[in-house]
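Q: show me the folded form of this:
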Amino acid sequence: MKLVVQVKLLPDEAARAALRETLHACNRAANHVSRCAFEAGVAGRRPLQRLVYGEVKAMGLSAQPAIHAIRKVAGAYATLKANLEAGNYGREGSERRKAVESKPVRFRKDAAQPFDDRCLSWQLEARTVSIWTVCGRLRGIGFECSPSQWRMLTEHRRGESDLVLRGGNWYLYAVCDVSAPDVREPVNGFLGVDLGIVNIATTSDGHRHAGRRLNQVRHKNRRLRQRLQKKGTRSAKRLLRKLSGREARFAADIDHCIAKQLVTEAQRICRGIALEDLGGIRDRVRLRKPQRVTLHSWSFAQLGAFVSYKAARAGVPVVFVDPRHTSQGCSACGHVSRSNRPDQSTFHCTSCGFAEHADVNAGRTIAQRGEAIWAVSHAADDAA
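A: The predicted structure is shown next:
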């Protein structure tokens, strides 16, 4: 399995200037490649390389950085095509989709740039790197990381690393190839996890991870952004840029902590983890404008991804179940009715009288569906 380790570079002022100019040059080249790809209708990596490789080299890039700039453009157009096919830019003929399709992909001047081992070498014992720049090769640039990150780099680093400028600091995102252990049999069933906004995650055992703190931060930031955008001054725009990404990093930290606790608990009690497959929920749900803002800031996919990769590293099985009626169905008798859910936190079955916190009941239903999916899939494997 592929994991990414982030390390912080410690360049001096001269190295910072060289790294910044390198990113600018690579992204100028990427924008040129993108315009050529758009005009020629060519998006494949190899055809694009044959078309513009010489021009990119003439813009001051060496061979490998030129190839990586072309690959970055090809990857961007592949992602754009997938998003268009998935309808993420609206239906065919919509104004938003027309606007996206009518212009080439653009890259920020400070957008990340990938480097392979020919352009970037690691001296792990000395905790330094050597990297190609348009100003020549820079050697002995220090980096800092935690002991666990250093061990990961030493034992598992493979392939490319991305040079990233974020918040005035320089980072390298290194790809590590870690072998995952065999998935254990969930001898004690599954731990069902109900994902939500009021409670970010609620387990079938009754443990709730409240979302109050995260929601307070989001509401506070939303009001601040509205005031700054309305003000529109140069200083307000500077502050908006400074605040950019802070909320996302805060949410990611909370999701990491919750995912770690869920996987640790499932591993301790020899269970698997059952999650709801909430893909496409934003398109299915119809809400008023204030509620839409909350729904679109809900990071359920990120939490699911964190749980999946942490569980794979621990050998804990993860299954995704159909989320329909998990909040309205009774985990005791299976009766489904809207009347079972009189308010957000209460579940009371109108058929058998079972009562429980609504999210805990949903977690139990998810756990039951997870066990059923696991049994069916393993019965099919045994038959094969």
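Q: now Asp182: which helix or strand?
A: Assessed by DSSP states H and E, Asp182 sits outside every helix and strand.
Q: since we're on it, how many residues are nearby?
A: Neighbour count for Asp182, taken as other Cβ atoms under 10 Å: 6. For glycine as for every other residue, the C-beta is placed from the backbone atoms N, C-alpha and C.
Q: and the pLDDT at it?
A: The model reports Asp182 with a pLDDT of 88.
Q: what does Leu295 give?
A: 55.
Q: ditto for the one 5 residues further on
A: On pLDDT, Phe300 comes in at 81.
Q: again, but for Lys230
A: For Lys230, the pLDDT comes out at 89.
Q: now Ala210: phi and psi?
A: Ala210 has phi and psi values of phi -70, psi 150 when expressed as degrees, to the nearest 10.
Q: can you pull out the helices in the stretch 251-384 of the chain?
A: 281-284, 289-296, 300-314, 358-383 (DSSP state H, counting those that start in this stretch).
Q: am I right that Ser161 sits in a strand?
A: Yes - counting by DSSP: H, G, I helix; E, B strand; the rest coil, Ser161 is located in a strand.
Q: could you give the number of residues near it?
A: 25.
Q: that one reaches Ala174, doesn't it?
A: Yes - counting by Cβ atoms under 8 Å, Ala174 is a contact partner of Ser161 at 4.4 Å.
Q: quick check: mean pLDDT across stretch 375-384?
A: Here the average pLDDT along stretch 375-384 is 71.
Q: scratch that, stretch 69-83 is what I was asking about
A: 94.
Q: tell me which residues are up against that stretch.
A: 26-27, 29-30, 33-34, 37, 43-45, 48-49, 52-53, 56, 61, 89, 100, 105, 107, 113-114 (Cβ atoms under 8 Å, 6 or more residues apart in numbering).
Q: Provide a PyMOL selection command restricted to the buried entries of those.
A: Under the burial definition 16 or more other Cβ atoms under 10 Å, those of the contacts of stretch 69-83 that qualify are selected in PyMOL by:
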select buried, resi 26+27+29+30+33+34+37+43+45+48+49+52+53+56+61+89+100+105+107+113+114
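Q: identify those among the contacts of stretch 69-83 that sit within helices.
A: Among those, the subset assigned to helices under DSSP state H consists of 26-27, 29-30, 33-34, 37, 45, 48-49, 52-53, 56, 100.
Q: and which of those is nearest to Ala358?
A: Val100 (39.6 Å; Cβ to Cβ).
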